[in-house]
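Asks: Here is the input, now give the coordinates:
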Amino acid sequence: MVSLIQRNASARTVALAPLVEPGPPLAAQELERYSRHALIPEIGLEGQRRLRNSRVLVIGAGGLGSPALLYLAAAGVGTLGIVDDDTVELSNLQRQVIHGVGDIGRTKLESAKDSIESINPGVKVVLHPVRLDASNALEIFADYDVILDGADNFATRYLVNDAAALLGKPYVWGSILRFDGQVSVFWDKFGPNYRDLYPEPPAPGTVPSCAEGGVFGMLCASIGAMMVTEAVKLITGIGQTLLGRLLIFDALTARWREIRIAKDPEAAPITELIDYDYFCGILAPEKNDGDLISAAQLANRLAQRAAGSTDFVLIDVRQPVEFEIGRIPGSVLIPLAGIKDGSALDAVPRGVPLVLHCKAGSRSAQALASLREAGYEDVVHLEGGMDAWLASDKRGAQE
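Replies: Numbering: from 1, shown residues only. Predicted structure coming up:
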């Protein structure tokens with residue numbers, strides 16, 4: 001992945017005007033609530049009025065969205081929009097501090113709204129219960145002054161970047177994985193955008209998601225708080241933002257480092273939204289459905305195998321710790337790395353149908369490709385992976 005971080009010498013700091021005009025004077029109760037901000041000369045009452053008059057959209061109410069939403073609400077942002085289509089799970093609670101045990105099974109939007117209103121009932125919360133895509137991004141973004149991108153996948157990151165560029169809006173980007181975090185500000189009108197940092201997405205499956213690779217829970221607070229800091233600076237026009245700079249945090253060594261980013265003068269302008277799944281190499285199921293098996297089909301094959309009417313081997317290509325946390329009954333563990341480098345092929349039987357699975361389908365697709373190259377023919381993988389299997393189990397229990 002090539003980026004423009006080597007253009008350090010040409011990167012310049014851009015002085016930015018306040019993003020939002022001040023709203024009406026604060027009421028007496030607001031003066032007390034925000035007094036610690038008002039005492040700071042750089043913010044003062046005028047800056048607080050800008051915050052109350054601002055509209056901020058947060059992509060995702062997960063690891064980064066959780067602390068970001070809480071601090072934006074506490075800071076007095078007038079309108080908070082949230083885009084999310086997920087529900088709260090037990091595994092979220094290790095880092096997604098806006099949710100609690102009582103919220104498990106609820107939508108993250110409903111849970112986040114309740115938490116925000118308990119902190120600051122003066123904040124207007126707008127819920128967008130959709131998966132962000134090229135068909136709705138421009139319409140949703142149009143109503144907001146600044147966007148905070150806490151997405152956990154590359155397709156959404158490029159989509160947010162391009163939609164913000166087309167609308168001339170700034171956005172704050174954060175990323176976390178294991179002990180490492182990154183944060184920056186992108187504003188195509190005045191400086192670099194995400195494509196100047198990452199012109200091309202990584203190959204599918206080469207960068208694990210937090211669900212696959214893990215994340216140090218407290219890191220979310222560090223990066224999420226920095227994202228809010230940048231949003232508040234943009235809204236009020238104070239300080240020096242991260243536009244043109246990338247901050248990288250290593251939580252294990254407690255070290256921050258900074259890299260300069262510059263616009264690529266040779267990059268093609270962003271003129272439209274595209275198919276971001278295709279751009280990031282994510283194939284839709286219908287494009288390779290001959291390689292796929294659904295959760296319902298797998299359940300049927302497992303039942304047939306138990307009855308002795310068929311035989312196949314179900315291979316889990318995840319990591320051992322994932323296998324220990326939860327597995328599909330009757331599966332055997334052969335991690336992806338050993339399949340890809342050939343060291344585990346002796347454990348993969350030949351002459352028998354194989355069904356592969358991982359968490360969501362990306363790693364099992366890679367394993368399938370490697371096995372095909374090694375001469376295996378009767379191989380399919382589980383569409384949607386363990387996530388789809390568990391969802392199917394839940395639907396069955398409800399029925």
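
Asks: Quick one: low-confidence residue ranges for the stretch 101-250 of the chain.
Replies: 204-206, 208-209, 211-212 (pLDDT under 70).

Asks: Helices along that one, start to end?
Replies: Chain-ordered helices for the stretch 101-250 of the chain, with DSSP state H, counting those that start in this stretch as the definition, fall at 108-119, 137-141, 154-167, 194-197, 210-213, 217-236.

Asks: Take the ones you listed and lay them out in TSV including distance to residue 253.
Replies: In short, each C-beta sits where N, CA and C put it, glycine included. Shown next, in TSV, are those (distance: least, C-beta to C-beta, whole Å):
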stretch	distance to residue 253
helix 108-119	32
helix 137-141	36
helix 154-167	26
helix 194-197	23
helix 210-213	19
helix 217-236	13
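
Asks: export those to JSON lines and tack on distance to residue 357 and mean neighbour count?
Replies: Formatted as JSON lines, the helices of the stretch 101-250 of the chain follow (distance: least, C-beta to C-beta, whole Å; neighbours: other C-beta atoms under 10 Å):
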{"stretch": "helix 108-119", "distance to residue 357": "26", "mean neighbour count": "20"}
{"stretch": "helix 137-141", "distance to residue 357": "31", "mean neighbour count": "18"}
{"stretch": "helix 154-167", "distance to residue 357": "22", "mean neighbour count": "22"}
{"stretch": "helix 194-197", "distance to residue 357": "32", "mean neighbour count": "22"}
{"stretch": "helix 210-213", "distance to residue 357": "13", "mean neighbour count": "16"}
{"stretch": "helix 217-236", "distance to residue 357": "27", "mean neighbour count": "22"}
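
Asks: Among those helices, which comes closest to residue 246?
Replies: Relative to residue 246, the nearest member of these by C-beta to C-beta is helix 194-197, separated by 6.5 Å.

Asks: related to what we said a few turns ago, quick one: which of the helices of the stretch 101-250 of the chain is nearest residue 317?
Replies: Using C-beta to C-beta, the nearest of the helices of the stretch 101-250 of the chain to residue 317 is helix 210-213, at 11.0 Å.

Asks: And residue 1, what's its pLDDT?
Replies: We have a pLDDT of 34 for residue 1.

Asks: Same question for the one 10 residues further on.
Replies: Here the pLDDT value assigned to residue 11 is 45.

Asks: One more: the one 10 residues further on?
Replies: Taken from the predicted model, the pLDDT recorded for residue 21 is 97.

Asks: Now for the spatially closest residue to residue 389 that is not a sequence neighbour: which residues touch it?
Replies: Leaving aside its sequence neighbours, residue 389 sits nearest to residue 295 (C-beta to C-beta, 6 or more residues apart in numbering; 4.9 Å). With contact set as C-beta atoms under 8 Å, 6 or more residues apart in numbering, residue 295 has these partners: 382-384, 388-389, 391-392.

Asks: Out of the residues you listed, which sit inside strands?
Replies: residue 382 (DSSP state E).

Asks: most neighbours, which of the contacts of residue 295?
Replies: residue 382 (26 neighbours; other C-beta atoms under 10 Å).

Asks: need the contact list for that residue.
Replies: 292-295, 298, 355-357, 361, 364, 388-389.

Asks: burial of the closest residue to it other than its chain neighbours, as a residue count?
Replies: In this structure, residue 382 finds its nearest non-sequential neighbour in residue 357, 3.8 Å apart by C-beta to C-beta, 6+ apart. Residue 357 has 29 neighbours, counted by other C-beta under 10 Å.

Asks: I'd assumed residue 314 was in contact with residue 357.
Replies: Yes: counting by C-beta atoms under 8 Å, residue 314 is a contact partner of residue 357 at 7.1 Å.

Asks: joint contacts of the two?
Replies: With C-beta under 8 Å, 6+ apart as the test, residue 357 and residue 314 both reach 298, 328, 331.

Asks: what comes up buried for the particular helix or strand that has the first one in it?
Replies: Following DSSP states H and E, one finds residue 298 within helix 295-306. For helix 295-306, burial by neighbour count (16 or more other C-beta atoms under 10 Å) applies to 295, 298, 301-302.

Asks: same deal with stretch 80-100?
Replies: So, applying 16+ other C-beta under 10 Å, buried residues of stretch 80-100: 80-84, 87-88, 92, 95-99.

Asks: what's the closest of those residues to residue 223?
Replies: Using C-beta to C-beta, the buried residues of stretch 80-100 come closest to residue 223 at residue 95, 10.9 Å.

Asks: Can you pull the phi/psi pair for residue 378?
Replies: Here is the backbone geometry of residue 378 (degrees, to the nearest 10): phi -90, psi 80.

Asks: nope, residue 17 is what I meant
Replies: phi -70, psi 160.

Asks: and what of the one 10 residues further on?
Replies: Backbone dihedrals for residue 27, given as degrees, to the nearest 10, come out at phi -70, psi 170.

Asks: same check, this time on residue 379
Replies: phi -130, psi 130.

Asks: List the contacts of it.
Replies: Residue 379 touches 291, 353-356, 368, 371-372, counting by C-beta under 8 Å, 6+ apart.

Asks: switch the cut-off to 7 Å
Replies: Applying C-beta atoms under 7 Å, 6 or more residues apart in numbering, we find residue 379 in contact with 354, 356, 368, 371-372.

Asks: if we can go back for a sec, from what I see, the residue nearest to residue 382 and residue 316 are in contact.
Replies: Yes: judged on C-beta atoms under 7 Å, residue 357 makes contact with residue 316 at a distance of 6.0 Å.

Asks: can you put the contacts of residue 382 in JSON lines and add pLDDT and distance to residue 203?
Replies: What follows is these, written out as JSON lines (pLDDT from 0 to 100; distance: C-beta to C-beta, whole Å):
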{"residue": "292", "pLDDT": "91", "distance to residue 203": "20"}
{"residue": "293", "pLDDT": "92", "distance to residue 203": "24"}
{"residue": "294", "pLDDT": "93", "distance to residue 203": "26"}
{"residue": "295", "pLDDT": "93", "distance to residue 203": "26"}
{"residue": "298", "pLDDT": "94", "distance to residue 203": "27"}
{"residue": "355", "pLDDT": "96", "distance to residue 203": "24"}
{"residue": "356", "pLDDT": "96", "distance to residue 203": "19"}
{"residue": "357", "pLDDT": "95", "distance to residue 203": "21"}
{"residue": "361", "pLDDT": "86", "distance to residue 203": "15"}
{"residue": "364", "pLDDT": "90", "distance to residue 203": "16"}
{"residue": "388", "pLDDT": "91", "distance to residue 203": "23"}
{"residue": "389", "pLDDT": "93", "distance to residue 203": "25"}
